[in-house]
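Visitor: Let's see this in three dimensions:
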Amino acid sequence: MENLKALAYELRETVIDMIVEGKAGHIGGDMSVLEILTELYFCQMNISPENQDDPDRDKFVMSKGHSVEAYYAVLAEKGFFDKKELISTFSKFGSKFIGHPNNKLPGVEMNSGSLGHGLPVCVGMALAGKMNGQDYRVYTVMGDGELAEGSVWEGAMAACQYKLD
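Guide: Numbering: from 1, shown residues only. Purely as a prediction, here's the structure:
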């Protein structure tokens with residue numbers, strides 16, 4: 001537990017470095033999500049750069065797209081891409097490290113930006129796994145601003161309807 005707390009603290013430094021270097025970012029959302037992402041990526045999820053193409057890997061969608069800096073910091077720490085490049089190019093013209101999750105980057109399942117899409121997409125991923133007899137888990141982190149979107153509640157009802165766990 002102490003190691004995870006220390007890692008989350010280090011990742012906060014990475015996020016601050018990114019935001020300062022890129023002159024853009026959403027620091028509040030990043031700071032609030034780092035313990036969750038650290039726990040998921042370093043203790044819970046079966047995902048790594050080595051198995052990122054394995055259909056049985058766990059899946060994650062950052063629905064709370066404005067927390068992309070924290071997400072990128074965790075992925076870089078996990079080895080999906082170079083941390084120095086991330087910090088030096090984040091949010092700069094022509095950078096692949098843009099202000100919302102970019103699924104052209106290794107480790108990123110889905111772009112986000114439209115509020116309320118993360119949960120329904122994850123429900124679809126989970127349903128596909130169930131129908132195909134696969135044993136992966138699907139996770140999402142959502143922001144409070146999207147919880148009033150109808151698509152979120154439709155996704156939640158569909159998860160119940162299909163008895164997704």
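
Visitor: At the geometric centre of this protein, which residue sits there?
Guide: For the chain, the residue nearest the mean C-alpha position is Met62 (3.5 Å; Cα atoms, centre = their mean).

Visitor: correct me, but that one touches Tyr72?
Guide: No. Met62 lies out of contact with Tyr72 (Cβ atoms under 8 Å); the separation is 9.5 Å. For glycine as for every other residue, the C-beta is placed from the backbone atoms N, C-alpha and C.

Visitor: ok, back up a step: next, the residue nearest to the centre of the chain: phi, psi?
Guide: phi -90, psi 90 (degrees, to the nearest 10).

Visitor: Flag the shaky bits of this structure, pLDDT-wise.
Guide: 113 (pLDDT under 70).

Visitor: ok, the closest residue to Gly79 other than its chain neighbours to Ala148 distance?
Guide: Using Cβ to Cβ, 6 or more residues apart in numbering and skipping the chain neighbours, the partner closest in space to Gly79 is Pro49 (4.8 Å). Distance, Pro49 to Ala148, using Cβ to Cβ, to the nearest Å: 36 Å.

Visitor: Look at these two and report which has more neighbours.
Guide: Pro49 (13 against 10; other Cβ atoms under 10 Å).

Visitor: For the protein, just list every one of the helices.
Guide: 2-22, 27-39, 68-78, 83-89, 118-131, 150-161 (DSSP state H).

Visitor: most tightly surrounded among those helices?
Guide: helix 68-78 (a mean of 25; mean count of other Cβ atoms under 10 Å).

Visitor: Name the residues that touch it?
Guide: The contact list for helix 68-78 (Cβ atoms under 8 Å, 6 or more residues apart in numbering) reads 7, 10-11, 14-15, 18-19, 25-27, 29-31, 33-34, 37-38, 41-42, 47-49, 62, 81-83, 86, 90, 97-101, 105-108.
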